[in-house]
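Novice: Just to be clear, the model below is a prediction. Sequence and coordinates:
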Amino acid sequence: MNGEETGGAPRESALVRLFPLARTLRGYRAGAARHDLIAGLTVALFTIPQAMAYAIIAGIPPAAGIFGAAVASILGAAFGSSEFLVNGPTNALSVMLAATAALMTRSDRIVVLTLMIGAVQLAAAALRLGRFTRLVSQPVLTGFTAGAGVYIAVNQLPPLLGLSRATLVTSLGGWSPPHDAVFDLARTAMSLGHLNPAAILVGIGTLALIRALQKVGRRLPAPFIAIVTVSIAAHYLGLGDAARGEGKLRLLQDIAPLTHRLPAFAWPRFVAADFTELAAPAITIGLLGLIEAIAIGKHLAAKAGHTFDVSQQIVGEAACNLGAALVGGFASSGSFTRSTVNHEAGAVTRLSCIFSGFAVIAIMLLAAPAANHIPLAALAGTLVHVGIKLVDVSKLKQAMATTTADRIALLATLVAVLLLEDLSHALLAGVAVSIAQALGRAEGFELIHLRETADGHLVEAPLVAPYTDEVLVVDLQGELFFAAADVLELRLREILAGGARFIVLRVRQAYNLDATCAQALGNVARHARARGGALILSGVRDGMYGTLERAGILDAIGAESVFRIADEPMRATRDALARARSLAGQARPQPQPRSRSRSA
């Protein structure tokens, strides 16, 4: 455990708390270095094509995207809480940046915006505002992510089809519509008379090769292999030769050639209007970046059995964006794909992320001239693949099948992403819908310990650790909506950490369970099982049972550990308690003094 511990353990210095890399270096071993180096190099091969592709989405030079990704990976690992989280450009942030950039008058304002995002996140860390990331519910994130996937795919159709900006239709019947996913698709459809067969062949070939390689093995850097393979083939076939005229394949060197030079550190140029005009997108994009990073960091920490400090991770995200801005890069956050690859490739410590950042720089300095021959259609094929993956049909079905509130939040966010030019407004629309729903419900919940007396009654008792009985009956009362999910999961985990292995959770007086709180119960059930225990639900109403079933949580808890409401008061809870004791292999508790009995 980090920080001050019971039993007189020394308190960590301020330097170690601010700079967690110092803690890692203090006990670093040569055996870990080999694993971290291998994982870092593997992640670098995923990072390079993604950074170039996301830079194109955001409208900045690919070189800036690559070096910004390297700096973000290094600084995020040095200052963040997670041992395995790989920071850098992500699809969701790139989409929001692209939508914001389309409304800008100066191209360098993306860098200014990135610096402001870092400043906003640093202020959030200082004020310990991490709890506000809970305001974005799971259905809102699902709707936003799916909409972002459609946006990316539509945005990359022109380069995939070989359509240049000059050949794209700009108006529809004399009207200049907004630049959103729906109208951008209409513009592309009306420009199909200028298709480039070479670009279509390369783009679709890249997309097909990536999907084929991913079926071979998840650890393969499929985008890297596909882009290198297709680029070599296109070069030897002469598809990018100027002699082909209008049928020439557009290459990376045609928009922003890569060089051997390292980026120079430079402070972005501010004007007074930047602070007022970019404040809203800085806050919104910064919030989304924190939500991404914190969610992935928590997932990886739980998987590895590590602690996770939300406030420290916010410091890491702020460092990423401040550093990326100083090398001309753009906003970064935790990448689920690259972080998962890092963990599965055998990473042991946060140094794997730092090695990855330096590997990206080294590879690009060595391969810069060759990388200039990458076809833009190949990068477009990579991004269309990313967009398709973001539309998670199973998650959409789950959210649509749970509650009316979840359906409304998901659809409102999805439609806003497709119809609004500024995607920060789309995310805020989804958050506003969720908050409006939450305000219509009661505030919070309560956990009450139910202790069994000698005559078999269940009575209220203080819920105070440590617990002498490894089977604990807890009455959960109140509203179970998304904003309460993190606190509920934390409280139940604390009970397990306090000595109980089996929790019988009575939910007869708990109401309006949504997908986010259902997921929290599933997480607790998996955590309890990993500790040799179980989470058992009693007094489950039909509506709550349906939500658990449609959200896919019954498998995590186990249908045999869900006791539905019965006509006889407390019957379901007694049956659940009997099952818990059977699992624990323990006898009925010894007689205790009588207390005031609780009615069912």
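Specialist: Arrived safely.
Novice: where exactly do the strands run in the stretch 351-500 of the chain?
Specialist: Using DSSP state E, counting those that start in this stretch, the strands of the stretch 351-500 of the chain run over 445-452, 458-461, 471-479.
Novice: Next, the buried residues of the shortest one.
Specialist: For strand 458-461, burial by neighbour count (16 or more other CB atoms under 10 Å) applies to residue 458. Every residue, glycine included, has its C-beta placed from N, CA and C.
Novice: and it, how far out from the chain's middle?
Specialist: When distances are taken as CA atoms, centre = their mean, to the nearest Å, strand 458-461 is centred 41 Å away from the chain's centroid.
Novice: State the mean pLDDT of that strand.
Specialist: Mean pLDDT, computed over strand 458-461, is 87.
Novice: Direction included, what does that strand pair against?
Specialist: With DSSP bridges as the test, strand 458-461 is paired with strand 445-452 (antiparallel).
Novice: Repeat that for the longest one.
Specialist: Partner strands and pairing direction for strand 471-479 (DSSP bridges) are strand 445-452 (antiparallel), strand 502-506 (parallel), strand 510-511 (parallel).
Novice: quick one: the helices in the stretch 501-600 of the chain?
Specialist: Using DSSP state H, counting those that start in this stretch, the helices of the stretch 501-600 of the chain run over 515-530, 542-550, 554-557, 571-584.
Novice: Redo these as a markdown table? Include mean pLDDT and mean neighbour count.
Specialist: Shown next, in a markdown table, are the helices of the stretch 501-600 of the chain (pLDDT from 0 to 100; neighbours: other CB atoms under 10 Å):
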| stretch | mean pLDDT | mean neighbour count |
| --- | --- | --- |
| helix 515-530 | 93 | 22 |
| helix 542-550 | 93 | 18 |
| helix 554-557 | 91 | 18 |
| helix 571-584 | 92 | 19 |
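Novice: Out of the ones you listed, which gets nearest to residue 17?
Specialist: Of all the helices of the stretch 501-600 of the chain, helix 515-530 sits nearest to residue 17, with 26.2 Å by CB to CB.
Novice: which of the strands paired with strand 471-479 is buried the deepest?
Specialist: Counting by mean count of other CB atoms under 10 Å, strand 502-506 has the highest mean neighbour count of these, with a mean of 26.
Novice: Show me what the mean pLDDT comes to for it.
Specialist: Looking at strand 502-506 alone, the average pLDDT works out to 95.
Novice: How about stretch 446-455?
Specialist: In the prediction, stretch 446-455 has an average pLDDT of 87.
Novice: And it, how far out from the chain middle?
Specialist: Going by CA atoms, centre = their mean, the spacing between the C-alpha centre of stretch 446-455 and its chain's C-alpha centre is 39 Å.
Novice: now do stretch 292-303
Specialist: Centroid separation for stretch 292-303 versus its chain: 8 Å, with CA atoms, centre = their mean.
Novice: isn't residue 562 right up against residue 548?
Specialist: Yes. Judged on CB atoms under 8 Å, residue 562 makes contact with residue 548 at a distance of 7.0 Å.
Novice: could the strands of the stretch 351-500 of the chain go into CSV alongside distance to residue 360?
Specialist: As requested, these are exported to CSV (distance: least, CB to CB, whole Å):
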stretch, distance to residue 360
strand 445-452, 46
strand 458-461, 57
strand 471-479, 46
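Novice: Among these, which comes closest to residue 541?
Specialist: When those are compared by CB to CB, strand 471-479 sits nearest residue 541, at 12.6 Å.
Novice: Now that we have the strands paired with strand 471-479, can you turn them into a markdown table and tack on distance to residue 260?
Specialist: Below are these laid out as a markdown table (distance: least, CB to CB, whole Å):
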| stretch | distance to residue 260 |
| --- | --- |
| strand 445-452 | 59 |
| strand 502-506 | 60 |
| strand 510-511 | 62 |
